[in-house]
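Asks: Any chance you could fold what I've pasted below:
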Amino acid sequence: MENEFGNNIYTLTDEDGNEIALEHLDTYEIGDETYMAFLPANADDLDEYELLVLKIEHDEESDEDILVSIEDEEEEQKIFDIFAERLENMFEDEEEDEE
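Replies: From the prediction side, this is the model:
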């Protein structure tokens, strides 16, 4: 996991070696687990893209933290719902500040 471009843009490499630039939106910790929410960095129309939620795990081999997909569907839905609510509240707060 490498934050190359700045505070909010991460370049990740998938299992096939493809690089993708993602904009980091939020981080959430629950218990001993940490999750991060992203959108593709090149998203022109946000309505066309879905929120990507990844989990931070420690890779013993490389001794580095890595981002992985959430395998358990129930866990994935729970965390997605938490991020969706947090982001909705964040955007509502920004709109109120603009008024």
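Asks: burial of Ile79, as a residue count?
Replies: Per other C-beta atoms under 10 Å, the neighbour tally for Ile79 reads 20. No exception for glycine: its C-beta is placed from N, CA and C like everyone else's.
Asks: Low-confidence regions, this protein specifically.
Replies: For the chain, the stretches with pLDDT under 70 are 1-7, 43-49, 93-99.
Asks: which one's the longest strand in it?
Replies: The longest strand of the chain (DSSP state E) is strand 19-30.
Asks: Please enumerate residues in contact with it?
Replies: 3, 5, 7-14, 34-43, 51-52, 79, 82-83, 86-87, 90 (C-beta atoms under 8 Å, 6 or more residues apart in numbering).
Asks: Drop anything exposed from those.
Replies: Neighbour counting with 16 or more other C-beta atoms under 10 Å marks Tyr10, Leu12, Tyr35, Met36, Ala37, Phe38, Leu39, Leu52, Ile79, Ile82, Phe83 as buried within those.
Asks: which residues of this protein fall in strands?
Replies: Under DSSP E, the chain gives strands at 9-13, 19-30, 33-40, 52-59, 64-68.
Asks: Kindly export the second one (C-alpha atoms) in CSV.
Replies: Included here for strand 19-30 are C-alpha records, laid out as CSV according to Å, rounded to 0.1, in the frame of the first residue of the first chain:
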residue,chain,number,x,y,z
GLU,A,19,-2.2,-0.4,-10.9
ILE,A,20,-5.3,1.6,-10.0
ALA,A,21,-5.4,5.1,-8.5
LEU,A,22,-8.0,5.4,-5.7
GLU,A,23,-9.1,8.4,-3.7
HIS,A,24,-9.2,7.7,0.0
LEU,A,25,-12.5,8.9,1.6
ASP,A,26,-12.6,7.6,5.1
THR,A,27,-11.0,5.1,7.5
TYR,A,28,-12.9,3.3,10.2
GLU,A,29,-11.7,1.1,13.0
ILE,A,30,-13.8,-1.5,14.7
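Asks: That concludes my questions; thank you for your assistance.
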